[in-house]
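In: Next input, structure requested:
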Amino acid sequence: MISVVSTVESAPRGTGTPAPSLYQRIRRVFTRDLLVTLALGQALSLLICAISLTSKYLANDFHANTPVFQSFLNYILLFLVYTTTLAVRQGEGNLLAILKQRWWKYMILGLIDIEANYLVLKAYQYTTLSSVQLLDCFIIPVVLLLSWFFLLVRYKTVHFVGTGLCLLGVGCMVGADVLVGRQPGLGEQKLFGDLLVLGGATLYGISNVCEEFIVKNLSRVEFLGMMGLFGSFFSGIQLAIMEHKELLRVPWDWQIGLFYVGFSAFMFSLYSFMPVVMKRTSATSVNLSLLTADLYSLFCGLFLFHYEFSGLYLLAFVIIILGLVLFSSSSTYVAQDPRVYKQFRNTGGQAATDQPAFSPGVLEPSVTYTSLGPEAGEELPVRVA
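Out: Got it, this is the predicted structure:
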C-alpha cells in the first residue's frame with residue numbers, strides 16, 4: 001500500500017483570487033443547462049394548458065364529458081407509433097422479448113396511469129377547482145419520497161427550499177381564485193372529490209417515478225410502447241363499460257371532431273415529450289415545472305373566457321419560477337445504482353472475501369455517487385468500493 005502525504009503552505013495574505021462579482025454569480029447560477037431545463041419544463045406546462053382548454057371546450061360548449069374516451073384516443077396513438085416500433089425491432093428490444101421478461105410490470109403500470117387520469121378528471125364533478133389545485137400538489141411529496149427510497153436520489157437543502165417556494169406559489173394562485181370568485185360552488189360530496197384527487201395524485205407519483213427509472217435505465221420507446229399496448233387495452237375495456245352511453249349522446253360534427261383531434265395531438269405530444277425531459281432532469285423537477293400549467297390556462301382564460309384578473313396570479317407565477325430556479329440550480333445525486341443495490345442485497349451474508357470474481361459486464365456491488373446534472377464548482381463523482 002502506498003501512502004502519499006502532501007503539505008500545502010499558507011498563501012500570503014492579499015494574493016488570493018478576488019471575490020466574484022454579482023454578474024459572475026448570476027451567470028454561475030443561470031447556466032445554459034439550467035435555462036434549457038426551465039424551458040423544457042415550461043413547454044410541458046404549455047401542452048397541459050392546451051389539453052385543459054380543449055377539455056373545457058368539449059365539456060362546456062359541446063357537453064361531451066368523455067375523459068376515458070379522450071385517454072383511449074391517446075393510448076391508441078401511442079400504440080400505433082411506439083408499440084409497432086417495438087414490434088419491428090430485433091433482439092432484446094423486441095416487443096415479444098420485453099413481454100416475456102416484464103409484461104406484468106407494464107400491465108400494472110398501465111392500469112396505474114389510466115386510473116390516475118380518470119380519478120383526477122372525475123374529481124372535478126364533486127369538489128372545487130381550488131381543492132383540485134391544492135390537493136393535486138400531493139404528487140410532489142409522493143415523488144420525493146418514492147425517489148428517495150426506490151431511486152435512491154439524495155436532495156440538498158436548496159431542493160427542499162425550492163419545492164417549498166413552488167408550493168407557496170400554488171397557495172397564492174388558489175388565494176387569487178378565491179378573491180376573484182373563480183371557484184365554483186361546493187359539490188354535494190366534496191370530501192369524496194378530495195379523496196379522488198389525493199388518490200389520483202398518488203397514482204401519478206408512482207407512475208412518474210417508474211417512468212423516470214425506465215427512461216434512464218431501459219428505453220423511452222419501450223416505456224411509451226408498453227403504455228400504448230396496455231393503456232389502449234384496459235382503457236378500451238373501461239370505455240365500453242362506463243362511457244358507451246355518453247358517447248352516443250355526443251352531438252358529433254366537424255367542430256367537435258376537431259377538438260377531439262386537437263386534444264389527442266396535445267396529449268400524445270405530452271406523453272412523447274415528457275420522457276425526454278424526465279431523462280434530462282427528474283420526476284420531481286418535471287412535476288414542479290407543471291405547477292405553472294394552471295397559470296397558463298388562466299392567462300388564456302383572460303382572453304377566451306373573460307376571467308377576472310388579480311395581481312396575485314403574477315406573484316404566484318414569479319414565486320413558482322423562483323422555486324424552479326432554486327431547485328434546478330443544484331444537482332441531486334444518486335447514492336447507489338438501483339440495479340447494483342438489488343444485486344448487493346441479494347448477496348446475503350456472504351463475506352466479501354468469499355465472493356467470486358466479477359466477470360466483464362457484471363455490475364460490481366458498490367456505492368456510486370453520481371450527479372444527475374453537471375454543476376460548476378462541484379467535486380467529481382466519488383466511487384467507494
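In: how many other residues sit next to Leu96?
Out: 11 (other Cβ atoms under 10 Å). Heads up, the C-betas are built off the backbone N, CA and C, glycines and all.
In: again, but for Pro251
Out: 9.
In: Thought Phe62 was touching it, still the case?
Out: Yes: with contacts defined as Cβ atoms under 8 Å, Pro251 counts as touching Phe62 at a distance of 6.2 Å.
In: Glu212 contacts Phe150, doesn't it?
Out: No: assessed by Cβ under 8 Å, Glu212 is found out of contact with Phe150, at 10.0 Å.
In: Give me the more crowded residue out of those two.
Out: Ranked by neighbour count (other Cβ under 10 Å), Glu212 and Phe150 place Glu212 first, with 26 against 15.
In: Next, find the distance separating the closest residue to the more buried one other than its chain neighbours from Thr163.
Out: Distances taken as Cβ to Cβ, 6 or more residues apart in numbering put Ala283 closest to Glu212, at 4.3 Å, once the chain neighbours are dropped. Separation of Ala283 from Thr163 (Cβ to Cβ, to the nearest Å) stands at 13 Å.
In: ok, now Met242?
Out: 36 Å.
In: Neighbour count: these two, which is higher?
Out: Thr163 (24 against 14).
In: residues contacting the more buried one?
Out: Ile140, Leu144, Thr284, Leu288, Gly323, Phe327 (Cβ atoms under 8 Å, 6 or more residues apart in numbering).
In: helix, strand or coil for it?
Out: Taking DSSP: H, G, I helix; E, B strand; the rest coil as the rule, one finds Thr163 in the helix state.
In: which stretches of the stretch 251-385 of the chain aren't confidently modelled?
Out: 336-385 (pLDDT under 70).
In: Over to the stretch 51-200 of the chain?
Out: 128-130, 181-188.
In: how deep is Val81 tucked in, by neighbour count?
Out: Residues near Val81, counting by other Cβ under 10 Å: 15.
In: Surely it is in contact with Leu229?
Out: No: here Val81 lies out of contact with Leu229, judged by Cβ under 8 Å, at a distance of 11.8 Å.
In: Just read off the phi/psi values of Val334.
Out: phi -100, psi 130 (degrees, to the nearest 10).
In: That one: neighbour count?
Out: 20.
In: pretty sure it is in contact with Leu152, am I right?
Out: Yes: the pair Val334 / Leu152 is scored as a contact, 5.5 Å apart, by Cβ under 8 Å.
In: quick one: which of the contacts of Thr163 has the most company?
Out: Counting by other Cβ under 10 Å, top hit in these: Thr284 with 30 neighbours.
In: give me the element it is part of.
Out: Element membership of Thr284, judged by DSSP states H and E, is helix 283-289.
In: next one: the helix or strand following that helix to chain centre, how far?
Out: Going down the chain from helix 283-289, the next helix or strand is helix 293-304, by DSSP H and E. From the chain centre to the centre of helix 293-304 is a distance of 21 Å (Cα atoms, centre = their mean, to the nearest Å).
In: For the contacts of Thr163, name the two members farthest from one another.
Out: Within these, Leu144 and Gly323 form the most distant pair, 13.7 Å apart (Cβ to Cβ).
In: How are the strands of the stretch 201-350 of the chain distributed by residue range?
Out: 333-334 (DSSP state E, counting those that start in this stretch).
In: Now do the helices in it.
Out: Listed in chain order, the helices of the stretch 201-350 of the chain (DSSP state H, counting those that start in this stretch) span 220-242, 244-248, 254-280, 283-289, 293-304, 311-329, 338-345.
In: Measure how far the longest one is from the centre of its chain, please.
Out: This means helix 254-280. The answer for helix 254-280 is 15 Å, by Cα atoms, centre = their mean.
In: Compute the number of surrounding residues for Lys245.
Out: 7.
In: Revised request: answer the last question for Ala240.
Out: Ala240: 12 neighbours (other Cβ under 10 Å).
In: One more: the one 3 residues further on?
Out: Glu243 is flanked by 18 other residues according to other Cβ under 10 Å.
In: got the contact list for it?
Out: Thr66, Val68, Phe69.
In: Closest one to Cys49 out of these, please.
Out: Out of the contacts of Glu243, the member with the shortest distance to Cys49 (by Cβ to Cβ) is Thr66, at 20.2 Å.
In: these two touch, right, that closest one and Leu58?
Out: Yes: Thr66 lies in contact with Leu58 (Cβ under 8 Å); the separation is 7.5 Å.
In: Please tell me how far Phe303 sits from Ala176.
Out: Taking Cβ to Cβ, one finds Phe303 at 17 Å from Ala176.
In: And for Thr37?
Out: Taken as Cβ to Cβ, the span from Thr37 to Ala176 is 27 Å.
In: Now render the contacts of Thr163 as TSV, adding distance to Asn94.
Out: Conversion of those to TSV gives the following (distance: Cβ to Cβ, whole Å):
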residue	distance to Asn94
Ile140	37
Leu144	35
Thr284	33
Leu288	36
Gly323	43
Phe327	38
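In: Name the nearest of those residues relative to Asn208.
Out: Thr284 (8.6 Å).
In: Would you check that that closest one makes contact with Leu145?
Out: No: taking contacts as Cβ under 8 Å, Thr284 lies outside contact range of Leu145: 10.3 Å.
In: Overlap of the contact sets of those two?
Out: In contact with both Thr284 and Leu145: no residue, using Cβ under 8 Å, 6+ apart.
In: For whichever strand or helix holds Trp104, enumerate the helices and strands it packs against.
Out: Trp104 belongs to helix 95-123 when elements are defined using DSSP H and E. In terms of contacts (3 or more Cβ pairs under 8 Å, 6 or more residues apart in numbering; DSSP states H and E), helix 95-123 is packed against helix 67-78, helix 84-87, helix 190-217, helix 220-242.
In: out of those helices, which comes closest to Phe266?
Out: helix 67-78 (9.1 Å).
In: which residues are contacting that closest one?
Out: Counting by Cβ under 8 Å, 6+ apart, 55, 58, 114, 117-118, 121-122, 224-225, 227-228, 231-232, 235-236, 238-239, 242-243, 246-247, 260, 263-264, 267-268, 271 sit against helix 67-78.
In: All set, thanks.
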